[in-house]
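>>> Give me the fold of what follows.
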Amino acid sequence: MRFSEEVYNIRSFQTIPNIAKDLMSRNYLLRKKAREELIEIGKPSLDVLVDLVKSKDETVRWEAMITIIQIGSEETLDILLKALEDEEFSIRWLAADGLANLGKYAIRPILQKLMDNPDSAYIRRGAHHVLRELKKKGVFKDNYALVETLANEFDHSNILLKTLKTINSTRIA
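Predicted coordinates:
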């Protein structure tokens, strides 16, 4: 077995689904170990994690989201955008953080999600969080004060117009 570990970087013969099952454990240390292994495996883990994000158990969804965020590839974009609609605040917050971590690659998709769902408080709050963080990092140029508009919980009248103007002015390489 030592030879296999060195040549193929294989530490065990567990499959991704078997490792992912440990994310459902009540034992925090077992969940943490599974999360670390799935992060190390990377993108091949995403298919299984997408299923876990749909779990009814908030802890399982949380563990899956943390893992997805730490894998941190552009392939996670759709998963994170969908998670902005989760019923649990902690999952939505993680999704917004994950999108902010993707940087410029998240700008157009979050703006489009906002255009498609301007009446969703969850999407408005998620977009606000993402765009505010990207603005702080200097990645998002807020020419139309969209972040400020999104911060206003009571006046949504200009969100569509400002979002459309922002989309039209945003150039992503």
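
>>> Can you give the distance of the helix or strand containing residue 82 from its chain's centre?
Per DSSP states H and E, residue 82 falls inside helix 77-83. Computed by Cα atoms, centre = their mean, to the nearest Å, the separation of helix 77-83 from the middle of its chain amounts to 5 Å.

>>> Now residue 162, what are its backbone angles?
With angles defined as degrees, to the nearest 10, residue 162 sits at phi -70, psi -40.

>>> From residue 115, how far off is residue 94?
Distance from residue 94 to residue 115, counting by Cβ to Cβ, to the nearest Å: 23 Å. Yep, even glycine has a C-beta here, placed from its N, CA and C like the rest.

>>> Neighbour count: these two, which is higher?
Each of residue 94 and residue 115 has its neighbours counted (other Cβ atoms under 10 Å); residue 94 has more, 22 against 16.

>>> Show me the contact partners of the longest helix belonging to the chain.
If you go by DSSP state H, the chain has its longest helix at helix 121-136. Residues from elsewhere that reach helix 121-136 (Cβ atoms under 8 Å, 6 or more residues apart in numbering): 84-86, 92-93, 95-97, 99-100, 103-104, 106-107, 110-111, 113-114, 117-118, 140-142, 146-147, 150-151, 153, 156, 159.
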